[in-house]
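A.B. asks: Got a predicted structure plus its sequence, pasted below:
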Amino acid sequence: MDDCIFCRIAGGEIPSAKVYEGKRAVAFLDAAPMSRGHLLVVPRAHWKDLAAVPGAGAGEEEKAAYAEVCDVVRAAARAAVEVFGGGANVLQCTGEEAGQTVGHLHFHVIPRPKGGKVPPEFVSGAYRYADDADRAATAAALRDAIAKAL
Ligand code: AMP
Ligand code: ZN
């Protein structure tokens, strides 16, 4: 979709700090991170939210796209644990009432290093990178760890 920001990020029209680029899914750092390394996993195909993903009636391409997204979420959680220690939250918001602000399916993977607040808080923009180099180094570490975990 031309007016969808995540379609445009997936297509490379809008810059992002990508940590994974696959045939059917991409992952990139969230622009307003809740924690260091907070990333988003999105399908290249435009589904508006999780409720819009077809179930039993899905075609082979749709099944493959959803499977790739889920596998990258899994690998990103493992990468978060490996790179930062501690754990990770996976967050998916379906619908405005649930806090969804971008209408293209995405899963948040939010690293939670040891020593953080428990239970963790879900506050957009709670974390700030020191500078662009710090952000790029974080993306590089996650990119390598995701590639290893796939
Ligand atoms: P949600 O509230 O679940 O719809 O989350 C949307 C997320 O997209 C928020 O965490 C935003 O910070 C993030 N976001 C919006 N625009 C961009 C962008 N251009 N690049 C990276 N992340 C973005
Ligand atoms: Zn889209």
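C.D. replies: Nice, I can see it. Ligands and ions are numbered 1, 2, ... in the order given.

A.B. asks: Which secondary structure state is assigned to the residue nearest the centre of the chain?
C.D. replies: For the chain, residue 40 is the residue whose C-alpha lies nearest the centre (C-alpha atoms, centre = their mean; 1.5 Å). For residue 40, the secondary-structure state derived from DSSP: H, G, I helix; E, B strand; the rest coil is strand.

A.B. asks: give me the beta-bridge partners of it?
C.D. replies: residue 28, residue 108 (DSSP bridges).

A.B. asks: which residues does it contact?
C.D. replies: Counting by C-beta atoms under 8 Å, 6 or more residues apart in numbering, residue 40 touches 6, 27, 28, 29, 30, 106, 107, 108, 109. Yep, even glycine has a C-beta here, placed from its N, CA and C like the rest.

A.B. asks: Of the residues you listed, which are in range of ligand 1?
C.D. replies: The subset of the contacts of residue 40 within reach of ligand 1, by C-beta under 6 Å from any ligand atom, is residue 30.

A.B. asks: Residue 138: which of the contacts of residue 40 is nearest?
C.D. replies: Checking the contacts of residue 40 against residue 138 by C-beta to C-beta gives residue 29 as the nearest, at 7.1 Å.

A.B. asks: so how many other residues sit close to the closest one?
C.D. replies: Counted with other C-beta atoms under 10 Å, the neighbours of residue 29 add up to 20.

A.B. asks: Would you mind giving both backbone torsions of residue 25?
C.D. replies: Dihedral pair for residue 25: phi -150, psi 160, per degrees, to the nearest 10.

A.B. asks: wait, I meant residue 121
C.D. replies: Residue 121 has phi and psi values of phi -100, psi 150 when expressed as degrees, to the nearest 10.

A.B. asks: got a list of what the residue nearest to it when sequence neighbours are not counted touches?
C.D. replies: Closest residue to residue 121 apart from its sequence neighbours, by C-beta to C-beta, 6 or more residues apart in numbering: residue 34 at 7.7 Å. Listed by C-beta under 8 Å, 6+ apart, the contact set of residue 34 reads 108, 110, 121, 122, 123, 124, 125, 126, 127.
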